[in-house]
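[1] okay, predicted coordinates and the sequence, questions at the end:
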Amino acid sequence: MAEVPKLVLDEELARSTTRKLVATLESVALLVQAGSIALTATVDRVTTNGQLFLYALAFVHLLAAFGAHKTSGPFTRGGPWLALWLGAALLMPLVMAHLVGAQEYGASPACVQLCGYPVAPLTIIAFYPWWSLRRAHLRPAIELGILAVFVLEPLLLVLYLHENPGWANYSGVGATALTLIIAFIIGKAVGRMCAVAAEGQVRLQNESYQTLFNWLHSEVKDRLVLMRQSIDLPDDLREYVDQLEDIVMRGRGRMLLAPERVPLAELFSEQMRIFGKRLRLHAPNIGALTVRRAVAILLDQALADLLTNAVQHGADPVEVGFEVNNGIAQLDIIDKGSGFPASVLDRATTSLHRLRCTARDLGGDLHHLVRPEGGAHLRLTVPLHPSL
């Protein structure tokens, strides 16, 4: 089966969109950090050697910003690069406490020295998908833990360095904590913006697919039918027209499977049209049922594989049954062909074995039922809703 297009807003798409939108943000963040370090070296009372050290550190950040702009930044690279950036942000209060002197650190009521340095990585942590998708449920606790460390570190340093901290000390620590918390909240807001952007992507793609889907039906497919019916075509040309019609119908079938919810009636109708010219089919009445995309793909694959087998083995006519009981969808394909042994489902090289494996992955199964009167009866079951 050809790859099915995917128009579903899921965690993977949201993460991918976020990565694309943040492509240039890391270089800007490093550039802002470089400016913050240089400004601190200029206006704060640091030692001469400390001032030279901060200017050198600012230059290193400039180089890092240039590298991130040309290639990728610490978050995009991940691993040790991310740890290095976070480690530098955590180490900076200790460095500043050493460079300005014990009694000077946190003495200003406005903010502790270089309090803006952790803002950039903390903001990006809040929205960038840096944590493994398989362990994403741990991310909120880890993020809040990192935020708590950034917020508490200046306070602990002030308490350690000052014997009797005053109002100015606590005010500076409080302003720093507020700045970092606001940065984290802004990061979460940016993350929501990325999710909204992903939603917009899916919506626009769905609208585009729906337009193309309708055009294929109302223009291309109908014209092909009229051509075949109104013009006495040579056999070879008629065969090409039939092949083109099959291609159009299969393309429409694939497009049906792109959204998150798929109307089963249309899916069955497309498959009935494709195989109706080769088999005498007794199709079920589906109604207005819609199912999640994974179930629809399985049912579509099952119809395609099982009806293809019926065509190849001359098993005509074929009865297609479908019903839903207690949240379980049941698809029955019954034919009057020569039949086949149930062991076929155990052969790893067959399409039936692969179909059964897919069904089991979704909590369902594929069964070979005995028909005393001959022929083949295959039953596919799959839950309509994922198990928790």
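    Received it, and whenever you're ready, just let me know what you need.

[2] tell me which stretches of the stretch 251-388 of the chain form strands.
    With strands called from DSSP state E, counting those that start in this stretch, the stretch 251-388 of the chain shows them at 261-263, 281-282, 290-292, 318-325, 328-335, 365-369, 376-383.

[3] of those, which shows the lowest average pLDDT?
    For the strands of the stretch 251-388 of the chain, mean pLDDT drops lowest on strand 281-282, to a mean of 76.

[4] mind listing the strands it pairs with, and their directions?
    strand 318-325 (parallel) (DSSP bridges).

[5] got the domain boundaries for the chain?
    Per automatic domain parsing, the structural domains of the chain span 11-200, 262-388.

[6] distance between the first one and the chain's centre?
    In terms of Cα atoms, centre = their mean, to the nearest Å, the centre of domain 11-200 is set 27 Å apart from its chain centre.

[7] thinking again about what came up before, make CSV from the domains of the chain and add distance to residue 256 to it.
    C-beta: built from backbone N, CA, C; applies to glycine. Supplementary listing: the domains of the chain in CSV, determined by distance: least, Cβ to Cβ, whole Å:
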stretch, distance to residue 256
domain 11-200, 19
domain 262-388, 5
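
[8] of these, give the one that comes closest to residue 255.
    Distance to residue 255, taken as Cβ to Cβ, is lowest for domain 262-388 among these, at 9.6 Å.

[9] for residue 135, which of the strands of the stretch 251-388 of the chain is the nearest?
    In terms of Cβ to Cβ, the element of the strands of the stretch 251-388 of the chain nearest to residue 135 is strand 290-292, at 24.0 Å.

[10] who wins for proximity to residue 164 among the strands of the stretch 251-388 of the chain?
    That would be strand 290-292 among the strands of the stretch 251-388 of the chain, by Cβ to Cβ, at 63.5 Å.

[11] counting by contacts, list what that closest one packs against.
    Counting contacts by 3 or more Cβ pairs under 8 Å, 6 or more residues apart in numbering; DSSP states H and E, strand 290-292 is packed against strand 261-263.

[12] look up the closest residue to residue 151, ignoring the ones flanking it.
    Counting by Cβ to Cβ, 6 or more residues apart in numbering, residue 151 lies nearest to residue 177, which is 4.5 Å off, once chain neighbours are set aside.

[13] actually residue 108, not the one I wrote
    With Cβ to Cβ, 6+ apart, the residue lying closest to residue 108 is residue 172, at 5.2 Å.

[14] the bottom helix or strand of this structure by mean pLDDT?
    Ranked by mean pLDDT, DSSP states H and E, the weakest helix or strand in the chain is helix 222-230, scoring a mean of 63.

[15] pull stretch 331-349 out as PDB, backbone CA atoms only.
    The C-alpha coordinates for stretch 331-349 follow below in PDB (Å, rounded to 0.1, in the frame of the first residue of the first chain):
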ATOM      1  CA  LEU A 331     -15.400  -6.600   9.200                       C
ATOM      2  CA  ASP A 332     -16.400  -9.900   7.500                       C
ATOM      3  CA  ILE A 333     -15.300 -10.900   4.000                       C
ATOM      4  CA  ILE A 334     -17.100 -14.100   2.800                       C
ATOM      5  CA  ASP A 335     -16.600 -15.600  -0.600                       C
ATOM      6  CA  LYS A 336     -17.500 -18.800  -2.500                       C
ATOM      7  CA  GLY A 337     -14.100 -19.600  -3.800                       C
ATOM      8  CA  SER A 338     -11.900 -22.600  -3.200                       C
ATOM      9  CA  GLY A 339     -10.900 -21.400   0.300                       C
ATOM     10  CA  PHE A 340      -7.500 -21.700   2.000                       C
ATOM     11  CA  PRO A 341      -6.100 -23.200   5.200                       C
ATOM     12  CA  ALA A 342      -5.900 -21.100   8.400                       C
ATOM     13  CA  SER A 343      -2.200 -21.700   8.500                       C
ATOM     14  CA  VAL A 344      -1.800 -19.000   5.800                       C
ATOM     15  CA  LEU A 345      -2.200 -16.400   8.500                       C
ATOM     16  CA  ASP A 346       0.900 -17.700  10.200                       C
ATOM     17  CA  ARG A 347       3.200 -17.300   7.200                       C
ATOM     18  CA  ALA A 348       5.200 -14.100   7.700                       C
ATOM     19  CA  THR A 349       5.500 -13.500   4.000                       C
END
